[in-house]
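> I'd like to go over a predicted model; first the sequence, then the structure.
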Amino acid sequence: MALLAAHLRELTNEELALDVAIVDADGVQITDFTTTVTFPAAPANAAITTVAVTSVTGVVLAANADRRQCIIHNDSSSKVFLAFAATATTTAFSIELGANSTFVSEVNTYTGVISGIKSTGTANLRVTEITV
């Protein structure tokens, strides 16, 4: 565990200095900073598709380890049920997407399969998958 230690000292009557150090739990100053932080690559690609959803569960997005975000728009006049799983039903689902509604996933979260189903008829989903 590292702590931040600070000491305020007077240089002259009008000047002060703030000495700052990072110290370990024993109070020993840490001077070797060799840790490298790697940030995920910024998304660079987007694929836009139309997926027809019926009363039989179907894949809306296949699993993709490179997925950073997805946007799914229900372009129909009735609701669609989405599941973060291989199978969606009208009673076991993750998201109930209303008519003319849009779902926007959080960034860098779920990369598995997303399935969808509709009670009756067919709905078109406008799907955008953003990847690295």
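Nice, thanks for sending it over. Numbers count the residues shown, from 1 in each chain.
> all contacts plus neighbour counts: C-alpha atoms, from now on.
Will do.
> so what's the residue lying closest to residue 124 once chain neighbours are set aside up against?
Leaving aside its sequence neighbours, residue 124 sits nearest to residue 52 (CA to CA, 6 or more residues apart in numbering; 4.6 Å). For residue 52, the residues meeting the contact criterion (CA atoms under 8 Å, 6 or more residues apart in numbering) are 122-125.
> what's the following helix or strand after the helix or strand bottoming out on mean pLDDT in the chain?
Lowest on mean pLDDT, DSSP states H and E among the helices and strands of the chain sits strand 2-10, with a mean of 73. Sequence order places strand 16-24 as the next helix or strand after strand 2-10, per DSSP states H and E.
> would you list every one of the strands in the protein?
With DSSP state E as the criterion, the chain has strands at 2-10, 16-24, 45-53, 58-61, 67-74, 80-83, 95-97, 102-104, 114-117, 123-131.
> in JSON lines, list the ones you listed along with distance to residue 30.
Formatted as JSON lines, the entries for the strands of the chain read as follows, by distance: least, CA to CA, whole Å:
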{"stretch": "strand 2-10", "distance to residue 30": "8"}
{"stretch": "strand 16-24", "distance to residue 30": "5"}
{"stretch": "strand 45-53", "distance to residue 30": "41"}
{"stretch": "strand 58-61", "distance to residue 30": "47"}
{"stretch": "strand 67-74", "distance to residue 30": "36"}
{"stretch": "strand 80-83", "distance to residue 30": "48"}
{"stretch": "strand 95-97", "distance to residue 30": "48"}
{"stretch": "strand 102-104", "distance to residue 30": "43"}
{"stretch": "strand 114-117", "distance to residue 30": "47"}
{"stretch": "strand 123-131", "distance to residue 30": "39"}
